[in-house]
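Chemist: Quick check, what structure comes out for this input:
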Amino acid sequence: MKNIKEIVADNLINLRKRKGWTQEEVAKNLNYSDNTVSRWERAEICPSVETLQAVAELYNVPLDFLVKENVVKRVENNIRNQKIKAFALCAMCISFLLIAVTITYVCLKTFYNINLWVLFTWSVPVAFLIIFAFACAWKKRTFYFVMFTIFIWTFLAALYLQFLSYNLWMLFLIGAPCQLAWSVWCYVRPKKQRQKSQE
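Modeler: Now for the predicted structure:
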C-alpha cells in the first residue's frame, strides 16, 4: 500500500494532467516555485494542510480527494457515468417528442382527415434544441455550436415548409446574420468571459 506522500503525489500529477497544465502553471497559481511542485509530485515532500486546501480549490475538488487512492479514476468514472445518463435522458426526451408528434399526426389524420405533415418538420428543430440544451450542460463548445447552428437552419426550413404556398425563400437570408451572431458569441468573445461562462 502506498504511503500518504505517494498517494498525494499521484493525485497531484493526475489532476494537473487532466487540466493540461504544466508544473510551472500550477506553481504560479499557488505562489510556489515549480521546483516545489516537482518535489510534491515526486513524493519527496508533502504539502501542508493549508497548501492542500489551496490545491483542492485550484482543481475544484474536495480536500479529501487529494489524500485518497485512485480518486482521479473514480472522478473520471463518475463524469463518464453522468454523461451516459445525460445522453440517455436526451435520447428519451427526443423519443417522447417523436412519439407525441406521431400520435398527434395519426389522430388528426384518422379522426379529422387533417394531414398535418408539417408536425414532423417542426419536430426536427425542437429535437436539436433539446440536444443543444444538453450540450450546454456537457460544456462542449464546438458540439453546442454545431447543434444550435443546425437548430437555426432547421427552424427556418420548418417555417418555410409551414408556409410553402407563399414561397418565402427569403426567410433563409435571416439565417446568415443569425449564424454570424452565433459564431461571434461562441468564438470571438474574450477568452476570460468564455471561461467564466463555462465554469
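Chemist: which regions of this protein lie under the pLDDT threshold?
Modeler: Applying pLDDT under 70 to the chain flags the ranges 1, 71-72, 139, 189-199.
Chemist: didn't residue 55 look like it was pressed against residue 47?
Modeler: Yes: between residue 55 and residue 47 a contact is recorded at 6.6 Å, counting by CB atoms under 8 Å. (Glycine included, C-beta is placed from N, CA and C.)
Chemist: ok, these two, which is more surrounded?
Modeler: Taking other CB atoms under 10 Å, residue 55 and residue 47 do not tie; residue 55 has more neighbours (25 against 21).
Chemist: give me the element that one is part of.
Modeler: Using DSSP states H and E, residue 55 maps to helix 49-59.
Chemist: Share the number of residues neighbouring residue 75, please.
Modeler: 17.
Chemist: Which elements pack onto the longest helix seen in the chain?
Modeler: The single longest helix within the chain, with elements called by DSSP state H, is helix 71-112. Where contact means 3 or more CB pairs under 8 Å, 6 or more residues apart in numbering; DSSP states H and E, helix 71-112 is packed against helix 4-19, helix 118-138.
Chemist: re earlier: measure how the helix holding residue 55 sits relative to helix 4-19, angle-wise.
Modeler: Taking axes from the mean of the first three to the mean of the last three CA atoms, to 10 degrees, one finds helix 49-59 and helix 4-19 inclined to each other by 20 degrees.
Chemist: I appreciate the help and will end here.
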